[in-house]
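**Q** Give me coordinates for this.
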Amino acid sequence: MRGRLFWFGLLPVMLLLALAAQSSAGHGWRLWALTGVSMALLVLMRTTVVSWFYSFMAVFYVLGCWFKVMAHSASDLPYVEPAGNFSGSPAEWGEYYEFAIVIGLALFIGRVLSLMVWDRRKPHERQWEFRAGGVTGGQWGVLVGVAALFYLVNNLAAFFVTGVNARVTLPFALNAPLAFMALIGFAMVLATYVARDVAVRQRMTPTTAFAILMVASIASVSMASRAAVVMQAIPILLAAHYLQSRWGKHQFGKLPVLMLGGFVALVLVAVSIYRVKVFSGVAGADGEMLGFFLLESGLLVVDRWVGAEAIMVAVAEPVRSMDLFWRLMAEDPAIGVDSIYQQLSGGKYELLKGLTFLTLPGYFGVISLCGELFWVFVLVLAMTLLGLAFEALVRRLLCHQMIPVALICGAVANALTQLSFPRLLGPFLLQMLLLAGLLGLLLRGPFGLVERRPAPDAA
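**A** Down below sits the predicted model:
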């Protein structure tokens, strides 16, 4: 976001929204403290040494813990996700703000420490060159075609389809890597090709933008996920925009942004129609059900973000403790709707035939249920530092190619924010590291990536 739009657009709007929430809810000084922490997190994103992991974590925190509360407080609309025993008393709201503020401070301090210790300077993309040249239109066509075939198989077998249990179970636990490839793996391959093309041409071409949005849209429909097109396309487009603005040879046009808006609108309609068919059993595009899903999609601007309700569940839970935290960390994902958090939150999802839905605690809920502000701070700080270290490792594996690194960091931040069972996080990160290593070999081999002397402005 450009400087003027950030300082004179976003931050004043945040203050106005906080003022409206305070006028309606009267939450006192803690509301302003949370607003200050949220603004500080966003300001810290604007350092010259960018961290994509921190940036996505900060944005998700602001949307889930600050924006959602401000929007609901100002409008007095009910929260969508279950909030356990949270009654909305002044004492519980006070604890909510304290826990949210401590989480935000831990994120902020973790990033400051990384800037002081190991993130003082990062190699820029201009230190590398690709001998293979840019990606041709034919190569993009093949990549999109392979994506369409893979995601068709994914949809039929339900390796990863939102809420749908797998229809095909492969031997040797092969469903897991295929689900990973559907969720983010194929997008990592796509991002590696985009990195090569953008580096060679020094800009994002309309053909490249179209290929990104086609693959992400196909993935969204295949997985019945409205978020997939956003979580796959936006990190790639943002990183490409960042590089293009740093290089300064070409202006980043409005066409990719307009294309993104168009594709997202089409995907929302297509996924809503698909969900009507799969989740409700209606064979066609029933008007009433379709209208419900489209309305739900529109409300996702506020309610899609995890954070607020999870902290509400924690602060209102009388049995919160470190013992409960460790039980959550070790819980078997196979337990599904009978899990600890589903019971504490009062989630009303049921195990339907072939379908499983859960309300998500994210790291907000899992860590906050330890019960003590000190341990909340320590655990979130440790998570932040480990995430930043993971970003540094991935950056090295991928030869400092910013575009696939941005995508991976967005996926890790999203996985932490939407955490359901912590035991699933380890295999997810391991698969990501293995694929990043393989893509690093692709970069150095067929793509002909070689290091060259740093550009004068990156020295």
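
**Q** from here on, contacts and neighbour counts on C-alpha atoms
**A** Fine.

**Q** Tell me which other helices or strands the helix or strand containing residue 149 touches.
**A** Residue 149 belongs to helix 137-157 when assigned by DSSP states H and E. The contact analysis (3 or more CA pairs under 8 Å, 6 or more residues apart in numbering; DSSP states H and E) places helix 137-157 against helix 206-223.

**Q** what's next to the helix it packs on, contact-wise?
**A** Residues from elsewhere that reach helix 206-223 (CA atoms under 8 Å, 6 or more residues apart in numbering): 137, 140-141, 144, 147-148, 151-152, 154-155, 158, 160-162, 182-183, 187, 190, 194, 197, 226-230, 232-233, 237, 255-256, 259-260, 263-264, 267, 270-271, 274.

**Q** Kindly report the same for stretch 19-36.
**A** Stretch 19-36 has contacts (CA under 8 Å, 6+ apart) with 14-15, 18, 66, 70-76, 90, 93-94, 97-98, 100-101.

**Q** ok, now how distant is residue 426 from residue 368?
**A** Here residue 426 is placed at a distance of 20 Å from residue 368 (CA to CA, to the nearest Å).

**Q** These two: who's more crowded?
**A** Neighbours per residue (other CA atoms under 10 Å) separate residue 426 from residue 368, with residue 368 holding more: 30 against 10.

**Q** thought the more buried one was touching residue 378?
**A** No: counting by CA atoms under 8 Å, residue 378 is not a contact partner of residue 368; they are 11.2 Å apart.

**Q** picking that back up, which members of the contacts of helix 206-223 are classed as buried?
**A** With neighbours counted by 16 or more other CA atoms under 10 Å, the contacts of helix 206-223 contain buried members at 140, 144, 147-148, 151-152, 154-155, 158, 160-162, 182-183, 187, 190, 194, 197, 226-230, 232-233, 237, 256, 260, 263-264, 267, 270-271, 274.

**Q** what's the single longest helix in this structure?
**A** With secondary structure taken from DSSP state H, the chain has its longest helix at helix 90-117.

**Q** tell me which residues in that helix are buried?
**A** Under 16+ other CA under 10 Å, the buried positions of helix 90-117 are 93-111, 114-115.

**Q** any low-confidence regions in the stretch 351-459 of the chain?
**A** For the stretch 351-459 of the chain, the stretches with pLDDT under 70 are 351-356, 451-459.

**Q** quick one, strands of it?
**A** According to DSSP state E, counting those that start in this stretch, the stretch 351-459 of the chain carries its strands in the segments 449-451.

**Q** Which parts of it are helices?
**A** For the stretch 351-459 of the chain, applying DSSP state H, counting those that start in this stretch gives helices covering 362-368, 373-397, 402-417, 425-444.

**Q** same thing with the stretch 151-300 of the chain?
**A** Per DSSP H, counting those that start in this stretch, the stretch 151-300 of the chain carries helices over the ranges 175-180, 186-201, 206-223, 228-247, 255-280, 287-303.

**Q** shaky segments in the stretch 151-300 of the chain?
**A** The stretch 151-300 of the chain contains residues with pLDDT under 70 at 252, 279-299.

**Q** Spatially central, which residue of this structure would that be?
**A** Against the mean C-alpha coordinate of the chain, by CA atoms, centre = their mean, the closest residue is residue 414 at 3.0 Å.

**Q** Kindly provide the distance from it to residue 59.
**A** Distance of residue 414 to residue 59, computed by CA to CA: 10 Å.

**Q** Burial check on residue 5, number of neighbours?
**A** 11.

**Q** next SSE after the host helix or strand of it?
**A** Taking DSSP H and E as the criterion, residue 5 maps to helix 3-5. Elements were assigned by DSSP H and E; along the chain past helix 3-5, the next helix or strand is helix 11-25.

**Q** now the helix or strand that that next one is followed by, how far from the chain's geometric center?
**A** Next helix or strand after helix 11-25 toward the C-terminus (DSSP H and E): helix 29-44. Its chain's C-alpha centre and that of helix 29-44 lie 21 Å apart, by CA atoms, centre = their mean, to the nearest Å.

**Q** What residues sit buried inside helix 29-44?
**A** 30, 31, 32, 34, 35, 37, 38, 39, 41, 42, 44.

**Q** Let's have these in a markdown table, adding distance to residue 173 and pLDDT.
**A** A markdown table is the format used below for these (distance: CA to CA, whole Å; pLDDT from 0 to 100):
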| residue | distance to residue 173 | pLDDT |
| --- | --- | --- |
| 30 | 48 | 96 |
| 31 | 47 | 97 |
| 32 | 49 | 97 |
| 34 | 44 | 98 |
| 35 | 45 | 98 |
| 37 | 43 | 98 |
| 38 | 41 | 98 |
| 39 | 44 | 98 |
| 41 | 40 | 98 |
| 42 | 41 | 97 |
| 44 | 42 | 96 |
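
**Q** Make CSV from the residues you listed and add distance to residue 52 to it.
**A** Shown next, in CSV, are the buried residues of helix 29-44 (distance: CA to CA, whole Å):
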residue, distance to residue 52
30, 29
31, 27
32, 27
34, 23
35, 22
37, 19
38, 17
39, 17
41, 13
42, 12
44, 12
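
**Q** Residue 73 - how many residues pack around it?
**A** Residues lying near residue 73 (other CA under 10 Å) number 22.

**Q** other SSEs contacting the helix or strand it falls within?
**A** Per DSSP H and E, residue 73 falls inside helix 68-75. Applying 3+ CA pairs under 8 Å, 6+ apart, one finds that helix 68-75 makes contact with helix 11-25, helix 287-303.

**Q** how about a cut-off of 10 Å?
**A** With contacts defined as 3 or more CA pairs under 10 Å, 6 or more residues apart in numbering; DSSP states H and E, helix 68-75 has these neighbours: helix 11-25, helix 29-44, helix 287-303, helix 308-315.

**Q** a markdown table please, covering the ones you listed and showing distance to residue 443.
**A** What follows is the helices and strands packed on helix 68-75, written out as a markdown table (distance: least, CA to CA, whole Å):
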| stretch | distance to residue 443 |
| --- | --- |
| helix 11-25 | 40 |
| helix 29-44 | 31 |
| helix 287-303 | 37 |
| helix 308-315 | 41 |
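
**Q** Nearest to residue 402, out of those?
**A** helix 29-44 (19.0 Å; CA to CA).

**Q** what angle separates the closest one from helix 90-117?
**A** Orientation check (axes from the mean of the first three to the mean of the last three CA atoms, to 10 degrees): helix 29-44 against helix 90-117 gives 20 degrees.

**Q** Give the other helices and strands that the helix or strand just after helix 29-44 contacts.
**A** Going down the chain from helix 29-44, the next helix or strand is helix 52-61, by DSSP H and E. With contacts taken as 3+ CA pairs under 10 Å, 6+ apart, helix 52-61 sits against helix 29-44, helix 90-117, helix 228-247, helix 373-397, helix 402-417.
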